[in-house]
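[1] The following block contains a protein sequence and its predicted model.
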Amino acid sequence: MSIATQTILRPFVVHPVGPHLRRQAQFCLRASSAEDVNWEKNRETSKRRRYKKAQEETGLKALYDDGFGSVTMKDYLEAVRAMLKDDGGPPRWFCPVECGRPVVDKPPLLLFLPGTDGVGMELILHHKSLGMVFEVRCLHIPVNDRTPFGGLLQIVEESIKSEHDSSPHRPIFVIGDSLGGCLAISVAARNPKVDLVLVLLNPATSFAQSPVQTMLPLLELVPSNLAITNPHLVRYLIGEPLKMAMTEIQKDLSSQRALQMFTDSLGSMLTLSSEIGDIIRMDTVMWKLKLLKSGAAHANSCIHVVQAEVLLIVSGIENLPSSGEADGPFKMLKNCKIRYFRNRDHSLLMDYDFNLLTVIKGVNMYRHGRKRDFVTDFLPPTLSEVKRTLGEDFKQYNHILSPVMLSTLETGKIVRGLAGVPDKGPLLFVGYHQYFGMETPSIIEGFLREKKTIMRSLAHPLFFAGNDWTLRQELSLFDVVSMYGGVPASPVNMYKLFKRNEYVIVFPGGAREALHKKGESYQCFWPDKQEFVRMAARFGVTIIPFGCVGEDDFVEIVLDYNDQMNIPCLRDWIKSLNDDLPSVRDSITGEDGNHALHVPAVLPKVPGRLYFLFGKPIETKGMDNLLLDKKQANELYLQTKSEVENLMSYLKRKREEDPFRSITRRTLYQVTRGASAQVPTFEL
């Protein structure tokens, strides 16, 4: 059964999205026959039960399959072709079958408000991934429906109020695309006390500056029964056929297969474009454009009073509406983050490289309650996300560093790989912070590959502060930190992570080590405070000291902190930057506690290699006396620090024996043995 067949709606009276609608949702769909419905329903129910049982036992694990990329443009075209046909019904909500049942406990609600076409299927590429962590509802506006903007706003508002009344502590995510963005802004302005999270994709608030706005007087002269031929109007309804066909081509396909896929997709898009003229006449188009105009005017009149948390997602290729969309709303919305996809088309939701859930996770907006909990609201990275970030974005980075992972068995023997690291948490990894934290991606990749688990890093609050200069990017390094388990460094977050038996990594030297000065390589700058020892003893956590060397093989410091403080303009910039940033250790004095953040000037070197050695585990189980005995806690603290320094000394000595320390020899080795071949290192 095709997706299009599964999602066809039969007419029913519009109801708010309350509990009764959730109970009736399964009856709001129709298929080609009753037999097909029962068969599909039984198969889906069985699948959901198996997945739910596994989730209840283990929770969402790293590298779970979120289904993103499994739906193609062909599925979207079939759904649009079927749902464009008028069934005489009013606007109503539907639950996409392919979303399935959420696999997280107490999932938030997600309401999707469609663009100008009103079909409600623009989210189809994301249904499976979003359906695992949200309860998804989509609004469908039939093609010949003439409900004005105020009426649509009332439908959405009644649904939100009903859901809020039944679950007042559950956030409601509202995804608004184009016209839907105007609806989302308007409903948020009218309901400031409802916990709404708005995700606005190219909201049509700048409609007045769009090319179609200037065409309206001329379009009104066109006969109402004329077919649609203007390319600008086609874009408003289904997107641009050529660009949407290009999104069907996946990077890992052969050239012949990619060409065939492109040809098939383009043919379907062109066929759909011609069919639109038979289904949607000019009078319908004029109504849609006037609806868009009134929606933009209403949203612009009330956007300044919106209190909701907002994520504004804007594409940069000049299309409809204009890319200037980013500046106006961003300045007026009080609690807004923005992600600017400069090289993407207006139809972001139809782009195979755009994962909406990934963006929401990256900006730390996914939550189950009124306030985000960085520990319990974390969603582990999926297969598709790891493939994109570590498999593509950081692939060259890891190739250049060619990290060597070593660990220590209980017998004291050093082995290649992570066999010496226990398989069950809670574990606390304590180590030295390389320059710019360059070791972090390699650690994450290594543990995901070998242990199939994620390292939860205690990171500087800077990564979660939401400063304006970090926001105007597609997916910044800050987003990657959040996607892969980073949490703001604090005793409370460490406590929660230990309680959940997580793998936790901490760098006591923090920014002081990651931004050290000339001549300070491999020196531990740990503050005189046992921040992690007592917490580890409280839970009987096993401490894993580790050493990492290699930073001096990659960069040479030209201007360090001291040099920059002697330059007036740089000194003023550093002061201004740090005045606006939160501090990690307010109770610790001296630069080892609160080192000023800055951007050192460095020169790249011919790449060497990165080496890791995880030491013998230090058990704290049964050491409850450390909670009250400051002297013994300090002894364990110093023991851990000494062990880290010894591990680094070992690596610095042994790397001189590595015949493949040079990137040239490593490259030649992989050319002859294959790109996936594991490059050898020194004898253990």
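    Structure received.
[2] going forward, measure contacts and count neighbours with C-alpha atoms only.
    OK.
[3] From residue 602, how far off is residue 412?
    For residue 412, the distance to residue 602 (Cα to Cα, to the nearest Å) stands at 38 Å.
[4] contacting residues around stretch 666-676?
    660, 677, 679 (Cα atoms under 8 Å, 6 or more residues apart in numbering).
[5] Give the helix, strand or coil label for the last one.
    The three-state assignment at residue 679 reads coil, by DSSP: H, G, I helix; E, B strand; the rest coil.
[6] number of nearby residues for it?
    17 (other Cα atoms under 10 Å).
[7] can I assume it is in contact with residue 661?
    No. Using Cα atoms under 8 Å, residue 679 is not in contact with residue 661, being 9.9 Å away.
[8] what about dumping the CA coordinates of stretch 63-70 to PDB?
    Extracted as PDB, the C-alpha positions of stretch 63-70 are listed here (Å, rounded to 0.1, in the frame of the first residue of the first chain):
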ATOM      1  CA  LEU A  63      22.700   4.800  16.400                       C
ATOM      2  CA  TYR A  64      19.000   4.000  16.400                       C
ATOM      3  CA  ASP A  65      17.400   4.100  12.900                       C
ATOM      4  CA  ASP A  66      15.100   7.100  12.800                       C
ATOM      5  CA  GLY A  67      13.800   6.200   9.300                       C
ATOM      6  CA  PHE A  68      15.000   9.500   7.800                       C
ATOM      7  CA  GLY A  69      15.700   9.100   4.100                       C
ATOM      8  CA  SER A  70      13.500   6.100   3.600                       C
END
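[9] which ones are touching residue 295?
    With Cα under 8 Å, 6+ apart, residue 295 has these contacts: 149, 179, 182, 183, 205.
[10] in what helix or strand does it lie?
    helix 282-302 (DSSP states H and E).
[11] and residue 664, how many neighbours?
    With other Cα under 10 Å as criterion, residue 664 counts 12.
[12] how close does it sit to residue 655?
    16 Å.
[13] Can you classify residue 429 by secondary structure?
    Here residue 429 is recorded as strand under three-state DSSP.
[14] buried sites along stretch 399-409?
    400, 401, 402, 403, 404, 405, 406, 407, 408, 409 (16 or more other Cα atoms under 10 Å).
[15] One more: stretch 511-523?
    511, 512, 513, 514, 515, 516, 517, 521, 522.
[16] How far does it sit from its chain's centre?
    With Cα atoms, centre = their mean, to the nearest Å as the basis, stretch 511-523 stands 31 Å off its chain's centre.
[17] distance between the ends of it?
    Using Cα to Cα, the two ends of stretch 511-523 sit 13 Å apart.
[18] if we can go back for a sec, list the ones among the contacts of residue 295 that fall in helices.
    149, 179, 182, 183 (DSSP state H).
[19] May I ask which of the residues you listed has the most neighbours?
    Of the ones in helices among the contacts of residue 295, with other Cα under 10 Å as the count, residue 183 tops at 33 neighbours.
[20] what about the closest residue to that residue other than its chain neighbours, neighbour count?
    Leaving aside its sequence neighbours, residue 183 sits nearest to residue 153 (Cα to Cα, 6 or more residues apart in numbering; 6.2 Å). Neighbours of residue 153 under the rule other Cα under 10 Å: 20.
[21] Quick check: the gap between residue 153 and residue 336.
    22 Å.
[22] Looking at the buried residues of stretch 511-523, which one is closest to residue 529?
    residue 512 (14.9 Å; Cα to Cα).
[23] Find me the pLDDT at that closest one, would you?
    Residue 512 carries a pLDDT value of 89.
[24] what about residue 376, distance to residue 645?
    34 Å.
[25] neighbour-wise, which of the two wins?
    For residue 376 versus residue 645, neighbours defined as other Cα under 10 Å are more numerous around residue 645 (20 against 13).
[26] The more buried one contacts residue 545, doesn't it?
    No. Applying Cα under 8 Å as the test, residue 645 and residue 545 come out as separate, 9.4 Å apart.
[27] Can you work out which residues contact both of the two?
    With Cα under 8 Å, 6+ apart, residue 645 and residue 545 have no common neighbours.
[28] residue ranges with poor pLDDT in this protein?
    Counting by pLDDT under 70, the chain has low-confidence residues at 1-59, 84-87, 208-282, 317-330, 466-475, 582-594.
[29] So what's the residue count around residue 88?
    12.
[30] my read is it is in a strand, agree?
    No. Secondary structure of residue 88 (three-state DSSP): coil, not part of a strand.
[31] Tell me how far it lies from residue 602.
    In terms of Cα to Cα, residue 88 sits 66 Å off from residue 602.
[32] quick one: contacts for residue 494?
    458, 504, 535.
[33] what helix or strand does it sit in?
    helix 491-499.
[34] The next helix or strand after that helix pairs with which strands?
    The helix or strand immediately downstream of helix 491-499 is strand 503-506, counting by DSSP H and E. Strand pairing for strand 503-506, determined by DSSP bridges: strand 427-431 (parallel), strand 455-459 (parallel).
[35] And strand 503-506, what's buried?
    503, 504, 505, 506.
[36] and the helix or strand hosting residue 314, what other elements does it pack with?
    Per DSSP H and E, residue 314 falls inside strand 309-315. Packing contacts for strand 309-315, counted by 3 or more Cα pairs under 8 Å, 6 or more residues apart in numbering; DSSP states H and E, involve strand 196-201, strand 336-341.
[37] Sheet-wise, list the partners of the first one with their directions.
    Looking at strand 196-201 with DSSP bridges, its paired strands and their directions are strand 172-177 (parallel), strand 309-315 (parallel).
[38] Can you pull out the residues in contact with the first one?
    Put plainly, it is strand 172-177. With contact meaning Cα under 8 Å, 6+ apart, strand 172-177 is reached by 108-115, 160, 164, 181-184, 195-203.
[39] same deal with stretch 306-314?
    185, 188-189, 192, 195-202, 323, 325-326, 330, 333-342.
[40] ok, now with 6 Å
    For stretch 306-314, the external contacting residues (Cα atoms under 6 Å, 6 or more residues apart in numbering) are 188-189, 192, 196-202, 335-340.
[41] Of the contacts of stretch 666-676, which is the nearest to residue 356?
    Of all those, residue 677 has the smallest distance to residue 356: 34.2 Å, by Cα to Cα.
[42] Could you list the buried residues of stretch 621-641?
    Across stretch 621-641, burial judged by 16+ other Cα under 10 Å covers 623, 626, 633, 634, 636, 637, 640, 641.
[43] what's the helix or strand for the third one?
    Assignment of secondary structure by DSSP H and E places residue 633 within helix 630-654.
[44] Name all residues that make contact with residue 116.
    Residue 116 touches residue 179, counting by Cα under 6 Å, 6+ apart.
[45] Quickly note the distance from it to residue 302.
    From residue 116 across to residue 302, the span is 20 Å (Cα to Cα).
[46] Would you mark the buried spots in whichever strand or helix holds residue 185?
    Per DSSP H and E: residue 185 is located in helix 179-190. By 16+ other Cα under 10 Å, the buried positions in helix 179-190 come out as 179, 180, 181, 182, 183, 184, 185, 186, 187, 188, 189.
[47] Please name every helix or strand in contact with it.
    Where contact means 3 or more Cα pairs under 6 Å, 6 or more residues apart in numbering; DSSP states H and E, helix 179-190 is packed against helix 282-302.
[48] when you compare where the helix it packs on runs with where helix 179-190 runs, what's the angle?
    30 degrees (axes from the mean of the first three to the mean of the last three Cα atoms, to 10 degrees).
[49] how much space is there between the closest residue to residue 514 other than its chain neighbours and residue 512?
    Using Cα to Cα, 6+ apart and skipping residues adjacent in sequence, the residue nearest residue 514 is residue 435, 4.5 Å away. As judged by Cα to Cα, residue 435 and residue 512 stand 10 Å apart.
[50] same question, residue 556
    17 Å.
[51] Ok, residue 428 next?
    On the measure of Cα to Cα, residue 428 and residue 512 end up 20 Å apart.
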